[in-house]
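> Sequence and computational prediction follow.
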Amino acid sequence: MGFKAVHYSEVKAEDVKLDGFEGITVRWLITENDGAENFAMRCFEIKPGGKTAFHSHDWEHEVFVLNGKGKVRCGDEEKTIETGYVVFVPPNVPHCFENLGNEILRFLCLIPYKK
């Protein structure tokens, strides 16, 4: 496949079932299956009170917050984030996201494919 144009809601939302992850769904918007060779684009939705575990891995994240309010912890730093914020998480740095608001915290998260 080489071209894709769909509304994000048409992409199946999957529950994230990992230890320490609560109230989170992910939509794999663009992947290798669509012909994307370098990056995957994902849309995360964290319910009010939901959060990820404090975790790390060997790839970076580029994040753009679409709506909601939350907190991101990266290493020893912590920031409040909301609609319009961008976040860069370097590889191998422990991090987590938490919803602090009363609505869904929704953000795009792009990650590279490791070759």
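That came through fine.

> Determine the longest strand present in this structure.
The strand spanning the most residues in the chain, taking DSSP state E as the definition, is strand 39-51.

> Which parts of that one count as buried, going by neighbours?
Of the residues in strand 39-51, those scored as buried under the neighbour-count criterion (16 or more other CB atoms under 10 Å) are 40-46, 50-51. Quick note: C-beta positions are derived from backbone N, CA and C, even for glycine.

> same question, stretch 9-16
By 16+ other CB under 10 Å, the buried positions in stretch 9-16 come out as Val11.

> circling back: restricting to C-alpha, output the longest strand of the chain in PDB.
Presented in PDB, the C-alpha positions along strand 39-51 are these (Å, rounded to 0.1, in the frame of the first residue of the first chain):
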ATOM      1  CA  PHE A  39       8.200   5.700  11.500                       C
ATOM      2  CA  ALA A  40       4.900   4.500  13.100                       C
ATOM      3  CA  MET A  41       2.200   7.000  14.100                       C
ATOM      4  CA  ARG A  42       0.100   6.100  17.100                       C
ATOM      5  CA  CYS A  43      -2.800   7.800  18.900                       C
ATOM      6  CA  PHE A  44      -3.000   7.200  22.600                       C
ATOM      7  CA  GLU A  45      -6.100   7.900  24.700                       C
ATOM      8  CA  ILE A  46      -5.700   8.000  28.500                       C
ATOM      9  CA  LYS A  47      -8.900   8.000  30.500                       C
ATOM     10  CA  PRO A  48      -9.200  10.300  33.500                       C
ATOM     11  CA  GLY A  49      -7.100   8.900  36.300                       C
ATOM     12  CA  GLY A  50      -5.300   6.600  33.800                       C
ATOM     13  CA  LYS A  51      -1.500   6.400  33.500                       C
END
